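[1] no FASTA, just this:
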Ligand SMILES: [Zn+2]
């Protein structure tokens, strides 16, 4: 059972999940994705602003999941990677495309796809996935 | 006010799939054994702390601590539940220790319990993911095996750690468990068994993973005054450290080390006036084979990146220079998440009292326990010893 989430949660997370908007601390120049309301380095001395990520990144580790939690049974096998974003922070996400040839160091870019369905009558969750770039060698 | 606290009693249930026993039965059984072993009367116990990760989701039961004192006939003493995912047990132990150091209590029970097999497998996997970042890890179908697979792949890529070295961790744990009557899987396995077992989250396979288990463990802690009066073989707490890191794995600076383990162990070593090389034996948190390798490095038993080699060279075996998980580890004893941290203390005490038979580490006078929550967001280290005086090296 993935935590059955409500409409308000998804509405709240729209900006980050659908538009790749995180935050940047203008005091120390650190970027965050997903966004935070406090810079953990500067704390109250920090000042956070919205920050648009380009959606380009590189795989720093990955796994192919064969035994899923409830709600992801139809997706297996699926690839999840830790992606280092071009602007300098990491995120975990699904990798789509030619996952047979997934490797550390390969470039990916953000795309929007279905993540899972909350049961038969529930919400269909769309979100961020990461597609392997063409011409990755 | 006491400065020294000892473990004076230990007890645990068999770790297993206990279809016929409830969580309350298990925690009561472990508590009775520990109190009997301590040789104290229930009426002399001042407080109880119980580690439990997720009874609310595993069996729908919250408010576990007064349930435990109720079932054990210990009411009306204060009862507190501690939660730090898979490190809940060590957290209960640490809080029990602090409550005696504070001067308020003299005899305290620290327990840990988890009932995991009432849920079907995919639900149990999702419940365990409650220890990860719900919004950015669990919600995309990343499992705990998946998180540790990401760590394993990065470690293999960066340091050349091999698939076989990971397997050797599980092989050593199973070998040690053969002599442990409380273990869920007391049987030997081979490297080949591990690397041919089904893939769960590549590169980790079934036999890299600790199982889903029911079980409980309990210990009785006492002030120095009580311990010296009544315990035949008190085992002293020499150091206790705890540290935190980001909840989400991807937010860490490094995927191949656990900063919280480094900080927590440094604190425990300082308090005990010890160095990593002084440790005689260790219980480390092998929820997945890679975590034993990373922990060996972060505890300072070898250099970063050399953990796989350390295992391959046999240094972690019963006869090796740093025996690790001498009773079978999470892999072979089983991992009822909230109970594991207390079970580690039970097994170190058994070793230091000389009760371990064929797996006894001869001459061991200290041991270290590392209990980790989630993918490393909580790390708790305890050092125990047969002598209360700090050993200076
Ligand atoms: Zn800042």
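    In hand now; what should we look at? Bear in mind that the values here come from a model prediction, so they are computed numbers and not experimental data.

[2] what's across from the most centrally placed residue in chain A in the sheet?
    For chain A, the residue nearest the mean C-alpha position is residue A:93 (4.4 Å; C-alpha atoms, centre = their mean). Beta bridges link residue A:93 to residue A:81, judged by DSSP bridges.

[3] residue ranges of the helices in the stretch 201-350 of chain B, please?
    Counting by DSSP state H, counting those that start in this stretch, the stretch 201-350 of chain B has helices at residues B:224-230, B:259-272, B:289-298, B:307-312, B:329-333, B:337-353.

[4] These into CSV, with extra columns for mean neighbour count and mean pLDDT?
    Every residue, glycine included, has its C-beta placed from N, CA and C. Below are the helices of the stretch 201-350 of chain B laid out as CSV (neighbours: other C-beta atoms under 10 Å in any protein chain shown; pLDDT from 0 to 100):
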stretch, mean neighbour count, mean pLDDT
helix B:224-230, 17, 96
helix B:259-272, 21, 98
helix B:289-298, 27, 98
helix B:307-312, 22, 98
helix B:329-333, 31, 98
helix B:337-353, 29, 98
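
[5] need the ones you listed in CSV with distance to chain A, can you?
    Compiled in CSV, the helices of the stretch 201-350 of chain B are given as follows (distance: least, C-beta to the nearest C-beta, whole Å):
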stretch, distance to chain A
helix B:224-230, 40
helix B:259-272, 13
helix B:289-298, 11
helix B:307-312, 16
helix B:329-333, 17
helix B:337-353, 16
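
[6] Go through those helices and name the closest to residue A:19.
    Nearest to residue A:19, of all the helices of the stretch 201-350 of chain B, is helix B:259-272, at 31.4 Å by C-beta to C-beta.

[7] and the residue nearest to residue B:190 when sequence neighbours are not counted, how many neighbours does it have?
    Computed as C-beta to C-beta, 6 or more residues apart in numbering or on different chains, the closest residue to residue B:190 that is not its neighbour in sequence is residue B:171, at 6.5 Å. Using other C-beta atoms under 10 Å in any protein chain shown, residue B:171 is surrounded by 23 other residues.

[8] give the contact list for residue B:171.
    By C-beta atoms under 8 Å, 6 or more residues apart in numbering or on different chains, the contact set of residue B:171 is B:188-191, B:194.

[9] Could you do residue B:223 as well?
    Residues counted as contacts of residue B:223 (C-beta under 8 Å, 6+ apart) are B:2, B:4-5, B:100, B:105-107.

[10] Now do the strands in the stretch 1-150 of chain B.
    Counting by DSSP state E, counting those that start in this stretch, the stretch 1-150 of chain B has strands at residues B:5-12, B:47-51, B:79-82, B:107-114.

[11] er, chain A actually
    Along chain A, counting by DSSP state E, strands occupy A:21-25, A:31-32, A:48-52, A:56-65, A:78-85, A:90-96, A:107-117, A:124-132.

[12] export those strands to CSV and tack on mean pLDDT?
    Formatted as CSV, these follow (pLDDT from 0 to 100):
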stretch, mean pLDDT
strand A:21-25, 95
strand A:31-32, 95
strand A:48-52, 96
strand A:56-65, 98
strand A:78-85, 97
strand A:90-96, 95
strand A:107-117, 83
strand A:124-132, 83
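
[13] what about the closest residue to residue B:72 other than its chain neighbours, neighbour count?
    For residue B:72, ignoring the flanking residues on the chain, the nearest one in space by C-beta to C-beta, 6+ apart is residue B:31 at 4.9 Å. Residue B:31 has 30 neighbouring residues, counting by other C-beta under 10 Å.

[14] The ion versus residue B:31, what's the distance?
    According to C-beta to the ion, to the nearest Å, residue B:31 stands 48 Å off from the ion.

[15] In this structure that residue contacts residue B:112, no?
    No. Assessed by C-beta atoms under 8 Å, residue B:31 is found out of contact with residue B:112, at 10.8 Å.

[16] domain ranges for the chain?
    Defaulting to chain A. Domain assignment for chain A, taken from automatic domain parsing, gives A:1-19+A:55-137, A:21-53.

[17] that's the wrong chain, I wanted chain B
    Split by automatic domain parsing, chain B gives B:5-120+B:212-230, B:139-210+B:238-385.

[18] Quick one: closest of those domains to residue A:132.
    Proximity to residue A:132, assessed across the domains of chain B by C-beta to C-beta, is greatest for domain B:139-210+B:238-385 (16.2 Å).

[19] measure the closest one end to end?
    End-to-end distance for domain B:139-210+B:238-385: 43 Å, by C-alpha to C-alpha, to the nearest Å.

[20] gap between it and the chain center?
    Put simply, domain B:139-210+B:238-385 sits 9 Å off its chain's centre (C-alpha atoms, centre = their mean, to the nearest Å).

[21] Show me what from chain A comes close to chain B.
    Contact residues, chain A versus chain B (C-beta under 8 Å from any C-beta of the partner chain): A:1-3, A:5, A:13, A:34, A:60-73, A:75, A:78, A:80-83, A:89-94, A:104, A:115-116, A:125, A:127.

[22] Quick check: ChimeraX command selecting the buried ones in the residues you listed.
    Taking 16 or more other C-beta atoms under 10 Å in any protein chain shown as the burial criterion, the selection of buried members of those in ChimeraX is written as:
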select /A:1,2,3,5,13,34,60,61,62,63,64,65,66,67,68,69,70,71,72,78,80,81,82,83,89,90,91,92,93,94,104,115,116,125,127
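
[23] Also near the ion: which of the residues of chain A next to chain B, exactly?
    Within the set of the residues of chain A next to chain B, contact with the ion (C-beta under 5 Å from the ion) is found for no member.

[24] Residue B:81 is in contact with residue B:67, isn't it?
    No. Applying C-beta under 8 Å as the test, residue B:81 and residue B:67 come out as separate, 9.3 Å apart.

[25] out of the two, which sits in the more crowded spot?
    Set residue B:81 next to residue B:67 and count neighbours by other C-beta under 10 Å: residue B:81 wins out with 22 against 19.

[26] Next one: the spatially closest residue to the more buried one that is not a sequence neighbour from residue B:47, what distance?
    The shortest distance from residue B:81 to any non-neighbouring residue, by C-beta to C-beta, 6+ apart, is to residue B:65 (4.3 Å). Applying C-beta to C-beta, to the nearest Å, the value for residue B:65 to residue B:47 is 10 Å.
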